[in-house]
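[1] pasting the sequence and the predicted model now:
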Amino acid sequence: MLFNSLAFVVFLGVVYGAWRLLPLWLGRYWLLLASLVFYGWWDWRFLGLLLATATLDWALALGMERWVERRKMLVTISVVSNLGTLALFKYAGFFSRELADALGMTAPSRLLDIVLPVGISFYTFQAMAYTIDVYRAQVTACRSLPDFLLFITFFPQLVAGPIERSAHLMPQLLQMRRPAAREHSEALWFITWGYVKKVVVADNLAPIVAAGFDKNSPSGAVVVLAAYAFTWQIYCDFSGYSDIARGVARLFGVELMENFARPFFAASPREIWHRWHVSLSQWLRDYLYVPLGGNRSRPGANLMATMVLGGLWHGANYTYLAWGAWHGAALALGRKLPQPRVPRWLLVVATFHITCLGFVVFRTHSLAQLGQMMSSLSSPDINSTATAYLRTFLWLAVPVALFEWVQERQGTLAVLGWPRWAQALVYALLWASILVLGSSYGYEFIYFQF
């Protein structure tokens with residue numbers, strides 16, 4: 001069920017309307033039922049997998065508190081089972097294909113054709129963080145299985161994050177409350193701005209991206225435009241999802257973390273990872289980088305290993321590994337090089353282009369295609385098609401950049417502090433753009449494939 005679909009609008013109306021009528025203690029279980037329906041809508045067969053892995057983690061966490069002397073064995077079982085499930089669905093086909101090619105054999109088709117359960121990368125990391133935190137005695141184990149299942153399956157953030165920590169999300173779900181009027185205003189803003197970024201900007205940039213990455217022999221000008229367009233597309237697509245998720249959760253009195261904090265205003269590779277996919281970067285820091293040694297020993301090597309594995313989290317492809325290595329190298333170099341004495345805006349521009357180049361690697365289907373695209377830059381061929389793409393890109397990207405500049409200076413919810421007439425004008429313009437310019441293609445959110 002896509003956020004940008006009529007089915008979701010009807011679903012949300014029914015779920016929210018019933019939740020408002022139910023007592024809060026019962027509303028929690030209504031949200032659990034709704035979350036299971038939401039996930040089962042994609043493919044009911046994977047609902048059993050989700051429930052099985054979550055139930056195992058719930059039981060293992062309880063076991064860690066009951067049998068303290070065995071907690072290391074129990075957390076190991078949790079990590080291995082979660083990573084094993086993730087590896088089976090995301091990486092079995094890739095590695096079997098690579099091994100078969102190396103041996104001159106044909107990989108079994110049953111391994112190559114495994115369907116990836118939607119959201120598996122997100123909910124497995126959220127579950128692992130919970131069991132590791134229980135092992136570290138940073139949180140107490142949840143006694144109620146339904147309550148734990150709600151924490152894992154809470155539908156606004158189930159399929160594409162943010163990857164919430166139990167210490168932040170679970171108390172809000174266990175102590176459910178009605179949202180205040182201010183929170184309804186915040187919810188409306190997050191949902192509106194999220195839809196603008198998704199259906200107006202990201203989806204209308206998709207044809208430009210496809211022209212550069214998915215068609216044969218694109219011109220150099222189209223490749224350059226596609227690189228910029230994909231950077232904006234993936235940002236508006238993913239942050240748009242996160243904004244809608246925050247808004248929907250806020251309707252139920254739940255505050256999700258800010259997963260994107262206007263990353264294109266970052267002035268260094270390090271800062272960009274404090275602003276881009278914040279929940280994943282924090283997860284990688286706390287559960288991978290620090291255990292590897294963090295800043296205590298070989299920080300450069302630890303950064304590289306963390307980012308390469310972070311790239312692999314996105315899927316089984318050498319381009320994801322190369323993308324992770326690109327950012328790992330940028331972070332490692334950033335630690336060693338002195339801070340240049342130049343205006344901040346120049347550092348922002350440089351960081352943006354480092355990010356753009358990384359996303360070129362991320363979006364290509366193979367390293368061979370990456371080489372072909374780079375070779376096409378020798379023939380710019382600025383024709384009428386490239387000019388039309390440039391015009392479309394500027395019309396879509398510049399307004400978002402300007403509005404995010406306002407948010408950067410005044411705060412994410414700056415609009416809510418404006419006079420009523422100004423708020424009404426902004427909402428009228430945004431919803432008009434959604435209705436008039438919203439793409440009719442109904443593209444899935446990009447991160448659903450991860």
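    Yes, it's here.

[2] how many neighbouring residues does Y29 have?
    Around Y29 there are 14 other residues, counting by other CB atoms under 10 Å. Just so you know, the C-beta spots here come from the backbone N, C-alpha and C atoms, and that holds for glycine as well.

[3] isn't it up against D147?
    No: contact criterion CB atoms under 8 Å: Y29 and D147 do not qualify, at 9.2 Å.

[4] so where's the stretch 1-150 of the chain uncertain?
    Applying pLDDT under 70 to the stretch 1-150 of the chain picks out residues 93-114.

[5] repeat for the stretch 301-450 of the chain
    378-380, 439-442.

[6] measure W418 to Y427 for me?
    11 Å (CB to CB, to the nearest Å).

[7] equivalent analysis for A7, please.
    In this view, A7 and Y427 are 24 Å apart by CB to CB.

[8] one more: L6?
    L6 is 21 Å from Y427, where distance means CB to CB.

[9] find the nearest non-adjacent residue to S239, please.
    In this structure, S239 finds its nearest non-sequential neighbour in F260, 3.9 Å apart by CB to CB, 6 or more residues apart in numbering.

[10] residues near the one you found, how many?
    By other CB under 10 Å, 23 other residues sit near F260.

[11] in this structure it contacts S279, no?
    No: the pair F260 / S279 is not scored as a contact, 9.8 Å apart, by CB under 8 Å.

[12] got the CA coordinates for the helix or strand where L312 lies in PDB?
    Using DSSP states H and E, L312 maps to helix 299-313. Extracted in PDB, the C-alpha atoms of helix 299-313 (Å, rounded to 0.1, in the frame of the first residue of the first chain):
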ATOM      1  CA  PRO A 299      39.400   5.400  12.700                       C
ATOM      2  CA  GLY A 300      40.000   5.800   8.900                       C
ATOM      3  CA  ALA A 301      39.900   2.000   8.400                       C
ATOM      4  CA  ASN A 302      36.800   1.800  10.600                       C
ATOM      5  CA  LEU A 303      35.000   4.500   8.700                       C
ATOM      6  CA  MET A 304      35.800   2.700   5.400                       C
ATOM      7  CA  ALA A 305      34.600  -0.600   6.700                       C
ATOM      8  CA  THR A 306      31.400   1.000   8.200                       C
ATOM      9  CA  MET A 307      30.500   2.800   5.000                       C
ATOM     10  CA  VAL A 308      31.200  -0.200   2.700                       C
ATOM     11  CA  LEU A 309      29.000  -2.300   4.800                       C
ATOM     12  CA  GLY A 310      26.400   0.500   4.800                       C
ATOM     13  CA  GLY A 311      26.500   0.400   1.100                       C
ATOM     14  CA  LEU A 312      26.000  -3.300   1.100                       C
ATOM     15  CA  TRP A 313      22.900  -2.800   3.300                       C
END
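
[13] ranges for the helices of the stretch 1-150 of the chain?
    Ranges of helices within the stretch 1-150 of the chain are 6-21, 24-40, 45-66, 71-90, 92-103, 109-112, 120-135, 145-153, based on DSSP state H, counting those that start in this stretch.

[14] could you export those as CSV, including distance to V200?
    Compiled in CSV, the helices of the stretch 1-150 of the chain are given as follows (distance: least, CB to CB, whole Å):
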stretch, distance to V200
helix 6-21, 17
helix 24-40, 24
helix 45-66, 31
helix 71-90, 31
helix 92-103, 35
helix 109-112, 37
helix 120-135, 25
helix 145-153, 30
